[in-house]
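Pasted the sequence and its predicted model underneath.
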Amino acid sequence: MNTHRLQVRVLDSRFGTEWPLPAYATAHSAGLDLRAALTEPLQLGPGETALVPSGLAIHIADPGLCAVILPRSGLGHRHGIVLGNGTGLIDADYQGPLMISLWNRSDSRFAIMPGDRVAQLVLLPVVRAVLQVVDTFETSARGEGGFGHTGVR
Ligand SMILES: O=c1ccn([C@H]2C[C@H](O)[C@@H](COP(=O)(O)OP(=O)(O)OP(=O)(O)O)O2)c(=O)[nH]1
Ligand SMILES: [Mg+2]
């Protein structure tokens, strides 16, 4: 298993007292759950978004890595609580507070309580592109076919 020593700054003192630091829930979990470091409950109405602090800052430091913030499946599927930016991308040189954009895509209000685990952080490898301008591409089996080109069944 690949691991990375991830530098974390605790910006909210409830970590270590009321809340444990993010941890992998099972032996093979890919994501670290992030908490909503709110001071009071947040009522997220239908269609509303809110930028919620995670109470943490991370510095990935390794340019070969990034992190993504993803929705939690249960919250997203059952309650429509997903991310206002689709997916959050955390650059390896970012040192600011880790923020979570929460979007209630459902048609009912949803309450988020301080400390609720609302999203998850996944570290991923990064391959940087070095652009090579060409006139034509070498022929491939797919060519320009896309968007359903290969059919459904
Ligand atoms: O859900 C997110 C997404 C991003 N970030 C932070 C880390 C990331 O490295 C930085 C910039 O994100 P991004 O490049 O996606 O946003 P931008 O709108 O392009 O901002 P910038 O001009 O600062 O790059 O914001 C978060 O804290 N949470
Ligand atoms: Mg950017």
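Arrived safely, thanks for sending. Ligands and ions are numbered 1, 2, ... in the order given.

which residues touch Phe47?
Check again: residue 47 is Gly, not Phe. The neighbourhood of Gly47, defined by Cβ atoms under 8 Å, 6 or more residues apart in numbering, consists of 104-105. C-betas here are computed from N, CA, C, even on glycine.

And it, how close does it get to ligand 1?
Per Cβ to the nearest ligand atom, to the nearest Å, Gly47 is found 19 Å from ligand 1.

In contact with Gly96, which residues?
By Cβ under 8 Å, 6+ apart, Gly96 lies in contact with Ala57.

Could you tell me which residues of this structure lie near ligand 1?
Neighbours of ligand 1 within the chain, by Cβ under 6 Å from any ligand atom: 69, 85, 88-91, 94, 98-99, 101.

Show me which pair in the residues you listed is furthest apart.
Asp91 and Ser101 (15.8 Å; Cβ to Cβ).

Now that we have the residues of the chain next to ligand 1, which of them are buried?
Among the residues of the chain next to ligand 1, those buried by neighbour count (16 or more other Cβ atoms under 10 Å) are 69, 88, 90, 98-99, 101.
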